[in-house]
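Undergrad: sequence and predicted structure are below.
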Amino acid sequence: MKLNNYSIVSLIGNGSFGKVYKGIDLRNQNTVAIKIDTSNLKVLRHEVSILNYLYHDGVYSIPKIYWYGNVDNNLVLAMTYYKNSLQDYFDLKGCINDVKMSSLMIKCIDILRQLSKSNVVHRDIKPHNFMMNDGELNIIDFGLSTIHNYTKKEQDIKCDASEITGTPRFTSYFTHCGKPVSVRDDLLSLGYMYIYLNTGSLHWDEIERHKTSLFVCDVSHPDNLIRKYMKSPDVLHPLLSGVIKNYMIYCYSLKYYDIPDYNSLMRLFTL
């Protein structure tokens, strides 16, 4: 299949809003990722606007856009191709030790620091969305991202308190509580990601093992109520120890309007 100057090679992933393919730039034979939005929600248009905004704001740990257009009434994006995600690395290597996790966390926190400086909240932080490339770490999939408005008070922010945006397994505790999204939510999701990659599981994983509602996004759904309870600080913090406990205690203490001290968080993981 040919799309403008690009040819599709193979399917990489299949999501709610479309499909992602490995492709070839026919002009130079370089490998690219091709995302095709087959939904009516125009999520890809939003992602392109966020990527362009971040790139022009000096954030480069993100995919570079090579081409964006409309083919057969579907929006198509050609961008940087990354071979492996942190989830792929975990699937291959198993649990990641403390030393490697500390190195990864410093890089991940720095990426979130860059997004925060541009007032962008990713809203779907998980191992699948951090990509490894020649020792560097990059973040992808900005279709659910939003702009954090620091000028408004939390109680003045309109949000759909009945829906969870993102992947419930890694969703922030505050999102389960129906709170408006802020940069603290990305940091909390990153903390859950650390626990998963370092230990091999999350304390609420029994839901995924025994039920089929992994992606149920209704806040009031029984599975999400269990996740909310298990992610609450009173339940979660006693189960943690060491640097990740200190990290999570700090992140849970953040208010909606707080600007996190990213440098201090990165120092936590400096061995």
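TA: Sure thing, it's come through.
Undergrad: where does I8 sit: helix, strand or coil?
TA: Per DSSP: H, G, I helix; E, B strand; the rest coil, the local secondary structure of I8 is strand.
Undergrad: then I62?
TA: Applying three-state DSSP: I62 is coil.
Undergrad: got the phi/psi numbers for it?
TA: phi -140, psi 160 (degrees, to the nearest 10).
Undergrad: so what's it up against?
TA: Neighbouring residues of I62 by CB atoms under 8 Å, 6 or more residues apart in numbering: 51, 54-55, 138-140, 142. The C-beta positions use only the backbone N, C-alpha and C, and glycine is treated the same way.
Undergrad: if we use 6 Å, what do you get?
TA: Shown in contact with I62 (CB atoms under 6 Å, 6 or more residues apart in numbering): 51, 54.
Undergrad: same check on the one 4 residues further on?
TA: Remark: with contacts taken as CB under 6 Å, 6+ apart, Y66 is in contact with 32, 78.
Undergrad: pretty sure it is in a helix, no?
TA: No - applying three-state DSSP, one finds Y66 to be strand, outside a helix.
Undergrad: following the lowest-mean-pLDDT helix or strand in the chain, which helix or strand comes up?
TA: In the chain, no helix or strand scores lower on mean pLDDT, DSSP states H and E than helix 206-210, which sits at a mean of 68. Sequence order places helix 222-231 as the next helix or strand after helix 206-210, per DSSP states H and E.
Undergrad: report the buried residues of the following helix or strand past that following helix.
TA: As assigned by DSSP H and E, the chain's next helix or strand after helix 222-231 is helix 233-236. By neighbour count with 16 or more other CB atoms under 10 Å, helix 233-236 contains the buried residues L236.
Undergrad: burial measure for L197, as a count.
TA: 23 (other CB atoms under 10 Å).
Undergrad: nearest spatial neighbour of it, chain-adjacent residues omitted?
TA: I96 (4.8 Å; CB to CB, 6 or more residues apart in numbering).
Undergrad: and that neighbour, that's in a helix?
TA: No - I96 is assigned coil when assessed by three-state DSSP, not a helix.
Undergrad: burial of it, as a residue count?
TA: For I96, using other CB under 10 Å, the count is 21.
Undergrad: may I have the host helix or strand of D91 exported as PDB, CA atoms only?
TA: Using DSSP H and E, D91 falls within helix 86-93. Below are the C-alpha coordinates for helix 86-93, written out as PDB (Å, rounded to 0.1, in the frame of the first residue of the first chain):
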ATOM      1  CA  LEU A  86      10.200  -0.100  27.500                       C
ATOM      2  CA  GLN A  87       7.400  -2.800  27.500                       C
ATOM      3  CA  ASP A  88       9.300  -4.700  24.800                       C
ATOM      4  CA  TYR A  89      12.500  -4.400  26.900                       C
ATOM      5  CA  PHE A  90      10.600  -5.800  29.900                       C
ATOM      6  CA  ASP A  91       9.100  -8.600  27.900                       C
ATOM      7  CA  LEU A  92      12.600  -9.600  26.700                       C
ATOM      8  CA  LYS A  93      14.600  -9.100  29.900                       C
END
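Undergrad: wait, a strand at L115?
TA: No - under three-state DSSP, L115 sits outside any strand and is assigned helix.
Undergrad: got a pLDDT number for it?
TA: For L115, the pLDDT comes out at 98.
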